[in-house]
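In: below are the sequence and a predicted model for it; my questions follow.
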There are 2 protein chains.
Amino acid sequence: MPNAHDVLFRTLADPTRRAIFERLCREGEQTVGALTAQSGVSQPAVSKHLGLLRQAGLVRDRHEGRQTHYSAQLGALSPLIDWTSQMAGFWETRFDDLEDLLKRMDQ
Amino acid sequence: MPNAHDVLFRTLADPTRRAIFERLCREGEQTVGALTAQSGVSQPAVSKHLGLLRQAGLVRDRHEGRQTHYSAQLGALSPLIDWTSQMAGFWETRFDDLEDLLKRMDQ
DNA sequence: GTGATCGATAACCTGATGGCTATTGATTGA
DNA sequence: TCAATCAATAGCCATCAGGTTATCGATCAC
């Protein structure tokens, strides 16, 4: 039972897949064909990556005739942002505790 | 030649490894033994994870006698924060462009 | 000095993952 | 209707990553 952080980190860890996501962020909605053209890998490979991105909630798809348009879902990055601020928060807390300790030692 | 984002995402993608890093963030400096005790995997496995975390710049080590103390290096998370804000930025830019377009169409 | 402990390294095994080709299903256009 | 195009799926393969046990070097305690 992997949590949200697991899924996000694992999904974004692959360079090819992350490049696809970045492209969708930069340039907005794209068809599978367009994404394949720039990806350097085969169309099935791109489809697989898009499937994983979709599972992770990072993209959504829109069918239009025989083509599928994908777009980035920025909201899906929230857990990642939360995680990093949490880690930074722990660090600050420990720092504050240290300051408190030093202050108390000073008296 | 993987870039900084690659290394960070890949390093943090593994749950065991990320748990070690989180623990170092929460509780500060820890010895390998202490980390192993809570990790659920063997000591060599933990050492390997710590090696990768160190390569990624996420932790530093301090030798004291025969034990090694590891601590989190929060600064190493910056590229990750930058990346997420950049992605969010792209999104906003596209949104602004859309607004501009609509505004121009409105006139 | 000797035995015990700590952590890193070596060597190996296994499962997961990312890639490919081939194929299928669906839609479009001639 | 039939050929062509688009994207998803199936099936396969090779690589890699994370795990293990065994071992080694170094430090400490006795």
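Out: Ah, there it is.
In: looking at A:Phe95 now. What's its pLDDT?
Out: The model reports A:Phe95 with a pLDDT of 66.
In: CA-only coordinates of stretch A:6-25 in CSV, if you can.
Out: The C-alpha coordinates for stretch A:6-25 follow below in CSV (Å, rounded to 0.1, in the frame of the first residue of the first chain):
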residue,chain,number,x,y,z
ASP,A,6,5.7,7.0,-3.0
VAL,A,7,3.6,7.1,-6.1
LEU,A,8,4.7,10.7,-7.0
PHE,A,9,8.4,10.2,-6.4
ARG,A,10,8.4,6.9,-8.3
THR,A,11,6.4,8.2,-11.2
LEU,A,12,8.6,11.3,-11.6
ALA,A,13,11.9,9.4,-11.1
ASP,A,14,12.1,8.2,-14.6
PRO,A,15,13.7,10.8,-16.9
THR,A,16,11.7,10.0,-20.0
ARG,A,17,8.4,10.1,-18.1
ARG,A,18,9.3,13.2,-16.3
ALA,A,19,10.3,14.9,-19.6
ILE,A,20,6.8,14.1,-20.9
PHE,A,21,5.2,15.6,-17.8
GLU,A,22,7.4,18.7,-18.1
ARG,A,23,6.5,19.1,-21.7
LEU,A,24,2.8,19.0,-20.8
CYS,A,25,3.4,21.6,-18.1
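In: is DNA strand C contacted by that stretch?
Out: Yes. Residues of stretch A:6-25 contacting DNA strand C under C-beta under 7 Å from any atom of the strand: A:Arg10, A:Ala13, A:Asp14, A:Thr16, A:Arg17. Glycine gets a C-beta too; all of them are placed from N, C-alpha and C.
In: just the residues you listed that are near chain B?
Out: A:Arg10, A:Ala13 (C-beta under 8 Å from any C-beta of the partner chain).
In: neighbour-wise, which one of the residues of stretch A:6-25 next to DNA strand C leads?
Out: Ranked by the number of neighbours (other C-beta atoms under 10 Å in any protein chain shown), those place A:Arg17 first, at 23 neighbours.
In: thanks again, I'm all set now.
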